[in-house]
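> I would like to see how this sequence folds:
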Amino acid sequence: MKDLCYRYGDGPMILNNINLTFEGSKLYCIIGPNGVGKSTLVKCMNKLLKPVSGDVLIDEKSISDYSFKDLAQFMSFIPVSQGYSFRMTVMDVVLLGRYDPKKWRTDEEDLDIVHRSLKLMDMEDYSMRDINGLSAGQCQKVNLCKGLVQEPKIMILDEPTSNLDVKHQMYVTELLKAISRESDMMVIMISHDLNIAAQFADEIIMMSEPGVVYKDGRPEEVISAESISKVYGVDCEVITHLGKPHVLLNSALSKRQMNEMAKRDVETVN
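Coordinates of the predicted model:
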């Protein structure tokens, strides 16, 4: 990304001169508070949004020079969890990820890849279920399967662990990291869980207001009590656990707010 800027209509800049380089079979996590432009950033990465200035380059070629069909050959995008307004089985939804305009029909290879992805996500028993009968977390796992069956070289995910319980948040993130190594795939994901990002990411991009990159690098270079306090405005401690930074949150309230609340409590009692 070179000097990437974006705004919605005539509003303020959502992204301000973003300069980032992604390379290799790594797991990248993009973190930051709500509203700092994380989703906008990844949508500029896959051409869903057109920057007002700057550019996104893939192998030194501007993304504007790729057609959506070209991008689909090596890039997949899993948006934040969404529902479906039509009736389809889980199997058919995941098969959409295998769509190839050069082929006339689904073949055995497609079915094998779909079955493997469903098994990875522990969703094989749901393959013939109506997608609208699943929970939000189960639908999210189906969306992940649909992205995986594309067998992309670049996978971009907007909050892939939303609606998942703690066990499956860890499982999905660890799985994505393993797949990135085994399949030589770059994974770029938005995450709101600082500790999962710190534990599994190879590199972290921390965004802050107003749509800028506050810090990027290895987890131990980005995750600190100082950076979290400045970007998120919360009091915390950062310790080292299993060789990775681990965040212990103290309070989202400032000392002034806590003192004012304590004062009101005393006045109420009196």
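> make it CA atoms for all contacts and neighbour counts henceforth
Fine.
> would you map the strands across the stretch 1-150 of the chain?
Along the stretch 1-150 of the chain, counting by DSSP state E, counting those that start in this stretch, strands occupy 2-7, 13-18, 27-31, 53-55, 57-58, 61-62, 75-78.
> hey, C-alpha coordinates of the lengthiest helix in the chain in CSV?
With secondary structure taken from DSSP state H, the chain has its longest helix at helix 166-182. Extracted C-alpha coordinates of helix 166-182, given in CSV (Å, rounded to 0.1, in the frame of the first residue of the first chain):
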residue,chain,number,x,y,z
VAL,A,166,-13.5,-19.0,23.0
LYS,A,167,-12.5,-22.5,22.0
HIS,A,168,-13.4,-21.9,18.3
GLN,A,169,-11.9,-18.5,18.2
MET,A,170,-8.6,-20.0,19.2
TYR,A,171,-9.1,-23.0,16.9
VAL,A,172,-9.9,-21.0,13.8
THR,A,173,-7.0,-18.5,14.3
GLU,A,174,-4.5,-21.4,15.0
LEU,A,175,-5.9,-23.2,11.9
LEU,A,176,-5.5,-20.2,9.7
LYS,A,177,-1.9,-19.9,10.8
ALA,A,178,-1.2,-23.6,10.2
ILE,A,179,-2.8,-23.3,6.7
SER,A,180,-0.7,-20.3,5.8
ARG,A,181,2.4,-22.3,6.5
GLU,A,182,1.3,-25.5,4.8
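> which helices and strands does it pack with?
Judged by 3 or more CA pairs under 8 Å, 6 or more residues apart in numbering; DSSP states H and E, helix 166-182 is in contact with strand 27-31, strand 186-190, helix 194-200.
> quick check: domain ranges of the protein?
2-74+152-219, 81-151 (automatic domain parsing).
> so which of those is nearest Thr240?
domain 2-74+152-219 (10.3 Å; CA to CA).
> off-centre distance for the closest one?
6 Å (CA atoms, centre = their mean, to the nearest Å).
> go through the domains of the chain and find the least confident stretch.
Averaged per stretch, pLDDT over those is lowest on domain 81-151, reaching a mean of 86.
> re the thing from before, and Ala72, which of the helices and strands packed on helix 166-182 is closest to it?
strand 186-190 (14.6 Å).
> make JSON lines out of the domains of the chain and add mean neighbour count and distance to Thr240.
Below are the domains of the chain laid out as JSON lines (neighbours: other CA atoms under 10 Å; distance: least, CA to CA, whole Å):
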{"stretch": "domain 2-74+152-219", "mean neighbour count": "18", "distance to Thr240": "10"}
{"stretch": "domain 81-151", "mean neighbour count": "17", "distance to Thr240": "30"}
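> include distance to Val238 when you put the ones you listed into CSV, please.
Formatted as CSV, those follow (distance: least, CA to CA, whole Å):
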stretch, distance to Val238
domain 2-74+152-219, 10
domain 81-151, 30
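> related to what we said a few turns ago, as CSV, the strands of the stretch 1-150 of the chain with distance to Pro160 would be great.
Shown next, in CSV, are the strands of the stretch 1-150 of the chain (distance: least, CA to CA, whole Å):
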stretch, distance to Pro160
strand 2-7, 23
strand 13-18, 22
strand 27-31, 11
strand 53-55, 26
strand 57-58, 23
strand 61-62, 27
strand 75-78, 7
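> just the helices in the stretch 51-200 of the chain please.
For the stretch 51-200 of the chain, the helices defined by DSSP state H, counting those that start in this stretch occupy 68-72, 90-95, 108-120, 136-148, 166-182, 194-200.
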